[in-house]
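# The following block contains a protein sequence and its predicted model.
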Amino acid sequence: MISNKALVLILVYVLLFFPKISWAQTPPILTATGDQYYCPLEEMKIVTDFNIVNPSNVPIKTVYIQISAGYVNGQDILKYVGTNPNITASTFNTQEGKITLSWNPTTTPIDAQLITAVKNVVYRSSSTVATGSRSFSITIGEANYLASTTHYYEYVSVGITWQDAKIAAEERKYYGVLQGYLATITSAEEAQLCGEQTNGQGWIGGSDAETEGVWKWVTGPEAGGTFWFGLANGNSNGADYPYTNWVKDIEPNDYPSPIIPGEENYAHVYGDGKWNDYPNSDPRITGYIV
């Protein structure tokens with residue numbers, strides 16, 4: 001059996017998406033229960049209960065449900081099994097481990113229909129020996145939520161330099177409340193969510209521009225903390241944040257790029273979630289993670 005944890009933990013603030021809504025309004029709160037054990041090859045509803053409390057009637061038309069921790073691409077899937085004609089379910093996004101439920105604005109009440117729709121989302125693993133645990137996040141914003149850090153992560157698809165990405169991330173706010181920064185990654189769960197489950201290569205907040213070979217997180221609450229010393233044959237012994245996800249035995253290598261001259265002093269993630277070092281500007285980078 002697999003411990004299938006529908007961790008319910010989301011307090012969602014949506015004011016940023018609806019500029020006509022007063023800041024004095026009370027934001028919606030999503031709650032759910034559902035910690036349970038999963039039997040292989042079965043379809044199991046991810047929640048045993050779910051509710052939206054929306055005292056100010058903030059417009060909610062979309063709910064995002066993601067396998068936010070423990071996701072196994074190629075085995076795990078989410079599916080909507082409801083029959084409400086006013087609810088449209090997206091195809092399961094295998095890259096992100098996510099499904100989207102949208103309400104067709106022709107009937108009311110909206111919240112009640114979305115509540116029922118979430119209760120009709122099932123999880124299934126194609127593995128006969130599925131192990132480990134799965135955590136699910138349920139949000140009304142597109143950013144991905146991770147329970148272990150209580151942070152939201154968003155991949156911004158745009159060609160940009162690392163230095164400009166750092167500035168752009170710091171100018172973003174989520175729900176008009178949470179301050180953004182170029183992502184720092186300090187755990188395997190975090191690496192999977194904003195690496196493997198992200199669409200494309202993206203800058204993250206690591207750099208050794210200050211002191212060659214001393215890799216630090218230079219953004220967010222970890223700013224100034226070391227996580228790696230040296231090149232690919234280096235180590236994280238004594239680092240403030242010893243977790244790393246470099247391409248093993250290859251990166252970082254500070255290799256002068258034949259495309260862009262200059263040292264490789266800035267960290268990014270590949271499409272598979274592994275880390276590499278690049279110069280400040282590189283046309284292969286298609287976005288950044290905030």
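The structure has been received and is ready for your questions.

# Please make it C-alpha for all contacts and neighbour counts, starting now.
Noted.

# Counting neighbours, what do you get for Tyr241?
For Tyr241, the tally of surrounding residues (other CA atoms under 10 Å) stands at 18.

# likewise Glu264?
Using other CA under 10 Å, Glu264 is surrounded by 24 other residues.

# Quickly note the distance from the residue most central in space within the chain to Val156.
Nearest to the geometric centre of the chain sits Asn144, at 3.4 Å (CA atoms, centre = their mean). Between Asn144 and Val156 the distance is 12 Å, computed by CA to CA, to the nearest Å.

# The residue nearest to the centre of the chain bridge partners, please.
Counting by DSSP bridges, Asn144 is bridged to Tyr153.

# contacting residues around it?
When contacts are counted by CA atoms under 8 Å, 6 or more residues apart in numbering, Asn144 touches 66, 68, 137, 152-154, 193.

# Which one of these is nearest to Val47?
Ser137 (10.8 Å; CA to CA).

# And the contacts of Asn144, which two are furthest apart?
Across the contacts of Asn144, the longest distance by CA to CA is 14.1 Å; it joins Ser137 and Glu154.

# Thr48: which of the contacts of Asn144 is nearest?
Of all the contacts of Asn144, Ser137 has the smallest distance to Thr48: 14.3 Å, by CA to CA.

# Isn't that closest one up against Ile67?
Yes: using CA atoms under 8 Å, Ser137 is in contact with Ile67, at 6.6 Å.

# Format the contacts of Asn144 as CSV; extra columns: pLDDT, neighbour count and distance to Thr186.
Below are the contacts of Asn144 laid out as CSV (pLDDT from 0 to 100; neighbours: other CA atoms under 10 Å; distance: CA to CA, whole Å):
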residue, pLDDT, neighbour count, distance to Thr186
Gln66, 95, 23, 21
Ser68, 93, 27, 16
Ser137, 93, 21, 20
Tyr152, 91, 18, 14
Tyr153, 93, 21, 14
Glu154, 92, 20, 16
Leu193, 91, 24, 12
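
# Which stretches in the chain count as helices?
Along the chain, counting by DSSP state H, helices occupy 110-119, 162-170, 188-191.

# can you list contacts of the longest one?
Around helix 110-119, the neighbours that count as contacts under CA under 8 Å, 6+ apart are 45-52, 60-61, 63, 80, 82, 84, 87, 101-103.

# what about the closest residue to Thr94 other than its chain neighbours, neighbour count?
Closest residue in space to Thr94, ignoring its immediate chain neighbours: Asn73 at 6.3 Å, by CA to CA, 6 or more residues apart in numbering. Using other CA under 10 Å, Asn73 has 15 neighbouring residues.

# about what we covered before: so the residue nearest to the centre of the chain versus Phe136, what's the distance?
Asn144 is 10 Å from Phe136, by CA to CA.

# Quickly list what's touching both of the two.
Common neighbours of Asn144 and Phe136 (CA under 8 Å, 6+ apart) are 66, 68.

# re the thing from before, distance to Ala112 for the contacts of Asn144 - can I get that in TSV?
Converted to TSV, the contacts of Asn144 look like this (distance: CA to CA, whole Å):
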residue	distance to Ala112
Gln66	21
Ser68	25
Ser137	19
Tyr152	26
Tyr153	28
Glu154	28
Leu193	30
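
# which one of the residues you listed is nearest Lys274?
Leu193 (11.9 Å).

# Could you list the low-confidence segments of this protein?
Scanning the chain for pLDDT under 70 picks out the ranges 1-25, 105-109, 256-262.

# Which parts of it belong to which domain?
2-146, 155-289 (automatic domain parsing).

# how far is the longest one from where the chain is centred?
The gap between the average C-alpha position of domain 2-146 and the chain average comes to 14 Å, counting by CA atoms, centre = their mean, to the nearest Å.

# likewise stretch 191-205?
The answer for stretch 191-205 is 8 Å, by CA atoms, centre = their mean.

# So what touches it?
Outside stretch 191-205, the residues touching it (CA under 8 Å, 6+ apart) are 68-69, 95-97, 144, 146, 153-155, 157, 162, 165-166, 181-185, 217-219, 245, 266-274, 284-290.

# in the sheet, who's paired with the residue nearest to Val269 when sequence neighbours are not counted?
In space, Val269 comes closest to Trp275 once its chain neighbours are excluded; the distance is 4.5 Å by CA to CA, 6+ apart. Beta-bridge pairing of Trp275 under DSSP bridges involves Trp246, Val269.
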